[in-house]
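K.L.:
Show me the folded form of this:
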Amino acid sequence: MCTMATKVFESGKLLDKDGRASYQDFEPEVCPLLDRQRAANEIAFVNKETGEVTYGIDGLLTLFSIRFPILKQLFLFRPFVQLMSKAYAFIAFNRRVIMPAPRANNEFQFQPVFRLDYRIAYLAVTWIITAFILSHYASLLNGLLPQGEAYREYLICGGQIFFQGSIINFLNRRKIWDYLGNMMTISFGGALLLLPGLIVSEFANPNPIAYCAWFMAVAGLMLLEHIRRSKLLAIGGIPTLTWALYRLLVLLFILYVNL
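P.N.:
Here you go, the predicted model:
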């Protein structure tokens, strides 16, 4: 994610050409003031003329204030800065589960610090948004799937967090929070892929079978992504099997019990 962000900064001329470098490859003598551990948590912005280093949202706002001077007063408004700091930290401390790094990156000396509070917040936010989208999408499957209460998808999504959490806790307790973060990213991504169906439903009313086919296609992509991320986490195939089994059991329960 940091690589993508800094590429955007370069293309938008917020940084000079070749004005970015991975913190893992940054030579200490280039900037003795650089806190390499903090740079693993927040993007470090180095002024090569003065040696001054700023991090995270402070560096971003400094960069944008130079490029867009008209916004400088907004960037100095303390409530705005505090809000942006929380938003930045929310993404920064969850970036490895939003976009997982290759295994080789985990061998570097400096790694992002794990923050349980931001991970729990991430699970809660993705759970609520995912369940909200699924609740609306379920109405498009009328006739194929029994219509349930508004809280049904919230129970299902929340239940999978606890179900899979118990599985990982048994298999590899050390990776439980990394796995749950990755799992909810998959769920959140799948929910976003369902949005085109919801948008189409506002203008047309195709057969529920079409909506079901799209849902199954998205579920297939989610399964492939779950397999890929499980390999990156080196947790084996059992979590993928239980992830699919949970969904299958929930579907059977809905069909036969009308949850």
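K.L.:
quick one: what helix or strand has the residue nearest to Phe80 when sequence neighbours are not counted in it?
P.N.:
Once flanking residues are discounted, Phe80 sits nearest to Leu74: 6.0 Å by Cβ to Cβ, 6 or more residues apart in numbering. In this view, the C-beta of every residue, glycine as well, is placed from N, C-alpha and C. Per DSSP states H and E, Leu74 falls inside helix 72-75.
K.L.:
That helix - contacts with which helices or strands?
P.N.:
Counting contacts by 3 or more Cβ pairs under 8 Å, 6 or more residues apart in numbering; DSSP states H and E, helix 72-75 packs against helix 56-67.
K.L.:
Output the helix it packs on in PDB with nothing but the alpha carbons.
P.N.:
As requested, the backbone C-alpha atoms of helix 56-67 are provided in PDB (Å, rounded to 0.1, in the frame of the first residue of the first chain):
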ATOM      1  CA  GLY A  56       2.400   9.700   8.700                       C
ATOM      2  CA  ILE A  57      -0.400  12.300   8.500                       C
ATOM      3  CA  ASP A  58       1.900  15.200   9.500                       C
ATOM      4  CA  GLY A  59       4.200  14.400   6.500                       C
ATOM      5  CA  LEU A  60       1.200  14.000   4.200                       C
ATOM      6  CA  LEU A  61      -0.300  17.300   5.300                       C
ATOM      7  CA  THR A  62       3.000  19.100   4.900                       C
ATOM      8  CA  LEU A  63       3.400  17.700   1.400                       C
ATOM      9  CA  PHE A  64      -0.100  18.700   0.400                       C
ATOM     10  CA  SER A  65       0.200  22.100   1.900                       C
ATOM     11  CA  ILE A  66       3.200  22.800  -0.300                       C
ATOM     12  CA  ARG A  67       1.400  21.500  -3.400                       C
END
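K.L.:
List the buried residues of it.
P.N.:
Across helix 56-67, burial judged by 16 or more other Cβ atoms under 10 Å covers Gly56, Ile57, Asp58, Gly59, Leu60, Leu61, Thr62, Leu63, Phe64, Ser65.
K.L.:
closest to Thr242 among the residues you listed?
P.N.:
Gly56 (36.8 Å; Cβ to Cβ).
K.L.:
State the distance from the residue lying closest to the closest one once chain neighbours are set aside to Ile66.
P.N.:
Counting by Cβ to Cβ, 6+ apart, Glu42 is the residue found nearest to Gly56 once chain neighbours are left out, at 3.3 Å. Using Cβ to Cβ, to the nearest Å, Glu42 is found at 19 Å from Ile66.
K.L.:
Could you do Met84 as well?
P.N.:
In terms of Cβ to Cβ, Met84 sits 17 Å off from Ile66.
K.L.:
What sits closest to the residue nearest the centre of the chain if chain neighbours are left out?
P.N.:
For the chain, the residue nearest the mean C-alpha position is Ile98 (3.0 Å; Cα atoms, centre = their mean). Nearest non-adjacent residue to Ile98, counting by Cβ to Cβ, 6+ apart: Thr185, 5.6 Å away.
K.L.:
name the element the one you found belongs to?
P.N.:
Judged by DSSP H and E, Thr185 forms part of helix 176-201.
K.L.:
Quick check: buried residues in the helix or strand just after that helix?
P.N.:
Counting by DSSP H and E, the next helix or strand C-terminal to helix 176-201 is helix 208-233. For helix 208-233, a neighbour-count test (16+ other Cβ under 10 Å) marks Pro208, Tyr211, Cys212, Trp214, Phe215, Val218, Met222, Leu223, His226, Arg229, Ser230, Leu233 as buried.
K.L.:
I figured the third one hits Leu141, correct?
P.N.:
Looking back up the chat, that one is Cys212. Yes - between Cys212 and Leu141 there is a contact under Cβ atoms under 8 Å: 5.8 Å.
K.L.:
what residues does stretch 183-203 touch?
P.N.:
97-98, 122-123, 126-127, 129-130, 133-134, 136-137, 140, 157, 160-161, 164, 206, 211, 214-215, 218-219, 221-222, 225-226, 229, 243 (Cβ atoms under 8 Å, 6 or more residues apart in numbering).
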